[in-house]
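# here are the coordinates; sequence isn't available:
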Ligand SMILES: [Zn+2]
């Protein structure tokens, strides 16, 4: 299998790694490789779904390392792992860092794992160097980030923030009909004690997550580090054009009500709209259903979905308005009926300016190149960012690949990430005050 994860492939770039005091490149490689062996699929990827043996095994391995490094480790009643490096003043609100160890079906070795491992290696390095900051640092492994099994992602962070109650837990079951509650009980967790998972957000000074970019901007621009400005807001709109279903041979061009032609004009127009509003706005038509979908039939109905995202809520709303107007204009000109169904707008979540500054300073200090960028994908940091000052560090993804066995971040890029996270955590944990946001 070409281009899937291997220890050898990672080590091939070892000599390109920058040297950072206290960060052991071989140790990092061994640990990442060991985790990548858990849940391997026949296609060369990794499947680790929440509350399964594979997920349990990777968590046990990770907890063993955390304990060996001297951290106080616990799991809450739904399976979030929390490991604590006690600061000089344990009563102060903590700096939290972490990510997830579950994967999508046949996913890669870096998504989530890199954030957890980098957090651990950053903390371990501080311990080894006797750099105990003012505030405690807590490493969190959020359970069920991807939503691969119960279609309810970002679950662990949502629960920690008090957004999940016992009733909510009973709503979910997997494809096999196993309920979320049964799956948890089987792994020895206690979902009935969900309230014990809740954290008082005033006890959290800041949250920071390192993650692979899952896009190709950093690689394309040859930047080492992405400083995430925010996680984009999004909405989905379903447009259905209704015309006439007629024979492709017997209907002259001027007598048609062709919904595929209307949809094409619309899609082409949508592509041009985002740049009118911002550099970061995107709109995508990725799904079309044509009815009746026959070679010799003019389609009387075409349904398509526009996925719209941006980091600015105002430009997102303006863009949505323009897309709807375009649909109506095309339907009118072609004498078609148009039905528009708007999904909920999920608001963007901005990252803390102050934390972005700390990450930037750390990148400069370590002579790494960087750029600001929004995250187009959701992360636990999105939930955390609605309650506490939050930051995200991105490292490059080879060819932008993610959620695939081909997901790849080179060893030098991984090590750069650990170094930046380490300095950022240390600086944040030494802060006496932090101004929100
Ligand atoms: Zn992830």
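Right, received. Where do you want to start? Note that the structure is a prediction, hence the values are computed from the model and not measured.
# Where do the helices of the stretch 1-150 of the chain begin and end?
With helices called from DSSP state H, counting those that start in this stretch, the stretch 1-150 of the chain shows them at 7-11, 25-36, 53-68, 113-128.
# what's the third one packed up against?
Going back to what we said before, that points to helix 53-68. helix 25-36, strand 72-75, strand 81-85, helix 113-128, strand 137-142 (3 or more CB pairs under 8 Å, 6 or more residues apart in numbering; DSSP states H and E). In this view, the C-beta of every residue, glycine as well, is placed from N, C-alpha and C.
# Please work out which of those is packed deepest.
strand 137-142 (a mean of 27; mean count of other CB atoms under 10 Å).
# if I read this right, residue 66 contacts residue 85, doesn't it?
No. The criterion here is CB atoms under 8 Å, and residue 66 misses it with residue 85 at 9.6 Å.
# Determine which of the helices and strands packed on helix 53-68 approaches the ion most closely.
Closest of the helices and strands packed on helix 53-68 to the ion is helix 113-128, at 7.2 Å (criterion: CB to the ion).
# do the closest one and the ion meet?
No. Applying CB under 5 Å from the ion, one finds helix 113-128 separated from the ion by no less than 7.2 Å.
# Report all helices and strands that that helix contacts.
Judged by 3+ CB pairs under 8 Å, 6+ apart, helix 113-128 is in contact with helix 25-36, helix 53-68, strand 81-85, strand 94-100, strand 137-142, strand 204-212, helix 411-429.
# Residue 325: which of those is closest?
Closest approach to residue 325 among those (CB to CB): strand 204-212, 36.0 Å.
# can you count the residues close to the closest residue to residue 246 other than its chain neighbours?
Closest residue in space to residue 246, ignoring its immediate chain neighbours: residue 298 at 4.6 Å, by CB to CB, 6 or more residues apart in numbering. Under the neighbour criterion other CB atoms under 10 Å, residue 298 is assigned a count of 22.
# Pretty sure residue 298 sits against residue 249.
No. Residue 298 sits out of contact with residue 249 when judged by CB under 8 Å, with a separation of 10.0 Å.
# Residue 280: what secondary structure?
With DSSP: H, G, I helix; E, B strand; the rest coil as the basis, the three-state label of residue 280 is coil.
# What is the neighbour count of it?
Look at residue 280: counted by other CB under 10 Å, it has 19 neighbours.
# ok, now which ones touch it?
For residue 280, the residues meeting the contact criterion (CB atoms under 8 Å, 6 or more residues apart in numbering) are 232, 310-312, 374.
# near the ion, from the residues you listed?
The overlap between the contacts of residue 280 and the neighbourhood of the ion (criterion: CB under 5 Å from the ion) is empty.
# Going by distance to residue 30, which of those wins?
Checking the contacts of residue 280 one by one against residue 30 (CB to CB), the nearest turns out to be residue 374, at 33.9 Å.
# Any idea what the closest one is bridged to?
Beta-bridge pairing for residue 374 (DSSP bridges): residue 230.
# so how far is residue 215 from the residue nearest to residue 246?
Taking CB to CB, to the nearest Å as the measure, residue 298 falls 39 Å from residue 215.
# now do residue 113
To residue 215, residue 113 is 18 Å away according to CB to CB.
# Next: residue 25.
When distances are taken as CB to CB, residue 25 and residue 215 turn out to be 26 Å apart.
# and what of residue 420?
Applying CB to CB, one obtains 18 Å for the distance of residue 420 from residue 215.
# Tell me which of the two has more neighbours.
Set residue 420 next to residue 215 and count neighbours by other CB under 10 Å: residue 420 wins out with 28 against 20.
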